[in-house]
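Asks: Give me the fold of what follows.
(chains A, B, C and D)
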2 protein chains.
Amino acid sequence: MALRDAILVSLSDGAMSGYDLAKHFDQTVSFFWRATHSQIYRELAKLKDKGQVSAEEIPQRGKPNRIVYSITEAGRNAVLAWSRQPCVQDRVKDDFLVRLYGLEHMDLDALREHLVQRLDGHRDRLAEFTAIANATEPNTIAALGRRRGLEIGLRYEREWAEWCEETLDALSPENLADLNCVLPFTPTTKEEVA
Amino acid sequence: MALRDAILVSLSDGAMSGYDLAKHFDQTVSFFWRATHSQIYRELAKLKDKGQVSAEEIPQRGKPNRIVYSITEAGRNAVLAWSRQPCVQDRVKDDFLVRLYGLEHMDLDALREHLVQRLDGHRDRLAEFTAIANATEPNTIAALGRRRGLEIGLRYEREWAEWCEETLDALSPENLADLNCVLPFTPTTKEEVA
DNA sequence: GCGTTCATGTAACCTGTTACATGATTCT
DNA sequence: AGAATCATGTAACAGGTTACATGAACGC
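Replies: Residues are numbered from 1 along each chain as shown, chains lettered A, B, ... in the order given. Okay, the predicted model is just below:
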């Protein structure tokens, strides 16, 4: 249950509203963490009950009042305690790789289309991360941590993008036609008909 | 909801019991897909209701009867239809990167320990995948898909292992001591005291 | 004797997603 | 005129985890 701690970490650098937190997650840690506003509001209520954050309502006109949350001493202690807890690493879970695994039962044209879309996505994020990486940052411990996070993000996207390109090539009709010639029996896909 | 389809794909290559499926997931697709037996039994019941699998009970002595599930024609159609659906890619979600992001609020010794453990995990899996990759496979479409899946698994683990090594180095006390000399103010961690 | 494997399932719980609900202001 | 942004929240549902429950056989 690291959403709680992700919120506390974010509040460690300054007070924020639930709305701000949602944006913050989206703009800064989205490579490795995401949360919807409904999750965040639910979690903030729990954190307030536990006394790890405190809330202050700021009146506004025309829109609902902002409720700005600050981390408390108890919250800071919780963060430190959490950093000593074992990590629960969420392993890769990939829809597309399941399809690849059962390749012979799939619609190959559709899979190629999916691959193209994924490649685009990885390239977009690679460009995004590269832009962030090029902005110079101060030489602090905080910045060091963020640089390391960005670094694995960059490599991850680069690796996947490359893999998508190679896989598109491997699944090209020409390549599969070659394969079919070698095969004793041909699978039932559109390609064999063409 | 791809668990349903992951099951159908697995059953496409032969009938299996819920127990077998759990083992199968664990042994063959665990890099990109996992499921517990309780999930699998729940899903198999739903698939049977929909007529996408059929069940046959095989009497056994001493242990509960095996219930072996086979994919039906309706199930095969469902798989093909699924392969045309857009992929819902589960994005990276990483506990440890959240900690790195809030590095200055963490217990650095604990983080280094976590890194060492993760490095071990990545190396283990890298070795595991390498062993599988070295086993020669026939030149079929099915094998091509699996090779591509294995390939990204290998690269993923290699990249992460390398990153862990580099990050351990970046977070070493010596390296951080250098950093502290440059800093105008020092963070409140054990290191500054030492 | 003790842990593991085989083999099924249920129930409670936690987390995350999607949709619903409201309503003024600002940008295109 | 219509969409997006600001800003809060609730409710229903889907998916995944953990623990409970049972019990024989087999290897160490």
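Asks: Which strand or helix spans whatever residue of chain A ends up closest to DNA strand D?
Replies: Nearest to DNA strand D, among the residues of chain A, is A:Tyr19, at 2.6 Å (C-beta to the nearest atom of the strand). The way it works is simple: take the backbone N, C-alpha and C, and place the C-beta from them, glycine included. Assigned by DSSP states H and E, A:Tyr19 belongs to helix A:18-28.
Asks: What are the contacting residues of stretch A:41-55?
Replies: With contacts defined as C-beta atoms under 8 Å, 6 or more residues apart in numbering or on different chains, stretch A:41-55 is touched by A:3-4, A:7-8, A:11, A:18, A:21, A:35, A:67-72, A:74-75, A:78.
Asks: Closest approach to DNA strand C from chain A, which residue is it?
Replies: The minimum distance from chain A to DNA strand C, using C-beta to the nearest atom of the strand, falls at A:Met1 (2.8 Å).
Asks: Not counting its neighbours along the chain, what's nearest the residue of chain A closest to DNA strand D?
Replies: Closest residue to A:Tyr19 in three dimensions, ignoring its sequence neighbours and counting by C-beta to C-beta, 6 or more residues apart in numbering or on different chains: A:His37, at 6.9 Å.
Asks: Can you get me a residue count around that neighbour?
Replies: As a burial measure, A:His37 scores 13 neighbours (other C-beta atoms under 10 Å in any protein chain shown).
Asks: Break down chain A into its helices, ranges please.
Replies: Using DSSP state H, the helices found in chain A span residues A:3-12, A:18-28, A:37-50, A:73-84, A:95-101, A:108-134, A:141-170, A:173-182, A:190-193.
Asks: so which of those gets nearest B:Asp90?
Replies: Nearest to B:Asp90 among the helices of chain A is helix A:95-101 (7.2 Å), distances taken as C-beta to C-beta.
Asks: contacting residues around that closest one?
Replies: For helix A:95-101, contacts defined as C-beta under 8 Å, 6+ apart pick out A:106, A:111, A:114-115, A:118, A:167, B:2, B:5-6, B:9, B:28-29, B:31-33, B:83, B:87-90, B:145-146, B:148-149, B:152.
Asks: 6 Å - rerun?
Replies: Helix A:95-101 is contacted by residues A:106, A:111, B:2, B:6, B:29, B:32-33, B:83, B:87-88, B:145, B:148-149 when judged by C-beta atoms under 6 Å, 6 or more residues apart in numbering or on different chains.
Asks: Please apply the same query to stretch A:115-127.
Replies: With C-beta under 6 Å, 6+ apart as the test, stretch A:115-127 has contacts from A:Glu157, A:Arg158, A:Trp160, A:Ala161, A:Cys164, A:Leu168.
Asks: can you pull the buried residues of it?
Replies: For stretch A:115-127, burial by neighbour count (16 or more other C-beta atoms under 10 Å in any protein chain shown) applies to A:Leu115, A:Arg118, A:Leu119, A:His122, A:Arg123, A:Arg125, A:Leu126.
Asks: what does stretch A:157-172 give?
Replies: Buried residues in stretch A:157-172, defined by neighbour count with 16+ other C-beta under 10 Å: A:Glu157, A:Arg158, A:Glu159, A:Trp160, A:Ala161, A:Trp163, A:Cys164, A:Thr167, A:Leu168, A:Ala170, A:Leu171.
Asks: can I get these in TSV with pLDDT and distance to A:Leu100?
Replies: Converted to TSV, those look like this (pLDDT from 0 to 100; distance: C-beta to C-beta, whole Å):
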residue	pLDDT	distance to A:Leu100
A:Glu157	97	19
A:Arg158	98	20
A:Glu159	98	16
A:Trp160	98	13
A:Ala161	98	16
A:Trp163	98	11
A:Cys164	98	11
A:Thr167	98	8
A:Leu168	98	12
A:Ala170	97	10
A:Leu171	97	9
